[in-house]
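Participant: This is the structure alone, sequence omitted:
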């Protein structure tokens, strides 16, 4: 990247001083969008030279006169509220330990909950794992349910009221601490559903530990170091089950209800913060970069509830 001034910090007062106007936000976006690694090139004709555009920090092609804003082609395009407000929402969702629900954000910024939720959905897309670095070393894997439990159903039986999630947690050998973690919504507890998660997030050389559920057996061919141990109601993989309880507690405390279609977004949001808990100072900047450099994604229409 270029020698832009990167915002570092989690203090709200300092953040408010740094980003006081819309222009401050446009400047920040432009320095990310048009960097040394990705210099300006006109979207219409491919020309490389530009002049000053109409809006703050926008660029006008000197050949075809196409005017491009720093928000164009990013997840900040066509906002229904100010760019400054969008930056404040991104800051709170990335730096607050538990994040904030769309209801809380709508009340704080005086916006409709549906409007905030739609923008939060974009943020969650940017929080998806880059999948560039697989989990390695000692890895604990298990599944858990989120949602209502149906009386009379036990074990891994599923029903429409519950969402089944598989999660993997990196165990650090030096101090028995924990590293990164990832989670994914799956349809059922089978090797067919487990395999894409393993291939996406776990190295084939990892020392994977699961419970004795038969769905993991076929994976031993590609994961030769996979070991199955009795769960003993979570005692067999204590660090992982603490992690699972923390996820469930967060979902109950902040997002009282979450549809199956939206669950993956909340899991990505949780782990985006969790996996950067030791480098929170730069987490806002990382989120903004992802939202600038990622292609805007179309929102899947769905009914918005008051507890999203």
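Facilitator: All right, it came through fine. Just so we're clear, the structure is a prediction, and the values are computed from it rather than from any experiment.
Participant: C-alpha only now, for contacts and for neighbours.
Facilitator: Noted.
Participant: in the chain, which residue is closest to the centre?
Facilitator: residue 127 (2.3 Å; Cα atoms, centre = their mean).
Participant: for that one, what are its contacts?
Facilitator: Contacts for residue 127 were tallied using Cα atoms under 8 Å, 6 or more residues apart in numbering; they are 268, 269, 272, 287, 290.
Participant: So which of these wins on neighbours?
Facilitator: Most neighbours among these, by other Cα atoms under 10 Å: residue 269, with 24 neighbours.
Participant: roughly how far apart are that one and residue 37?
Facilitator: For residue 269, the distance to residue 37 equals 27 Å [Cα to Cα, to the nearest Å].
Participant: what number of residues lie near residue 5?
Facilitator: Neighbours around residue 5, by other Cα under 10 Å: 8.
Participant: what helix or strand does it sit in?
Facilitator: Per DSSP states H and E, residue 5 falls between elements, in no helix or strand.
Participant: can you pull the contacts of residue 186?
Facilitator: Per Cα under 8 Å, 6+ apart, neighbours of residue 186: 163, 164, 165, 166, 193, 194.
Participant: The last one: neighbour count?
Facilitator: Read it as residue 194. 21.
Participant: Next, it: secondary structure please.
Facilitator: Following DSSP: H, G, I helix; E, B strand; the rest coil, the label given to residue 194 is helix.
Participant: Distance of it relative to residue 19?
Facilitator: 44 Å.
Participant: likewise the third one?
Facilitator: According to Cα to Cα, residue 165 and residue 19 sit 38 Å apart.
Participant: Compare the two and say which one has the larger neighbour count.
Facilitator: Of the pair residue 165 and residue 19, residue 165 is the one with more neighbours under other Cα under 10 Å, namely 21 against 16.
Participant: on contacts alone, who are the packing partners of the helix or strand that one falls within?
Facilitator: Secondary-structure element containing residue 165, defined by DSSP H and E: strand 162-171. When contacts are defined as 3 or more Cα pairs under 8 Å, 6 or more residues apart in numbering; DSSP states H and E, strand 162-171 packs onto strand 138-147, strand 178-186, helix 238-254.
Participant: Partner strands of it, with direction?
Facilitator: strand 138-147 (antiparallel), strand 178-186 (antiparallel) (DSSP bridges).
Participant: With mean pLDDT and distance to residue 246 as new columns, can those be given to me in CSV?
Facilitator: Supplementary listing: the strands paired with strand 162-171 in CSV, determined by pLDDT from 0 to 100; distance: least, Cα to Cα, whole Å:
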stretch, mean pLDDT, distance to residue 246
strand 138-147, 93, 12
strand 178-186, 96, 12
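Participant: can you redo those as JSON lines with distance to residue 23?
Facilitator: Output for these, formatted as JSON lines (distance: least, Cα to Cα, whole Å):
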{"stretch": "strand 138-147", "distance to residue 23": "42"}
{"stretch": "strand 178-186", "distance to residue 23": "36"}
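Participant: This completes my enquiry, with thanks.
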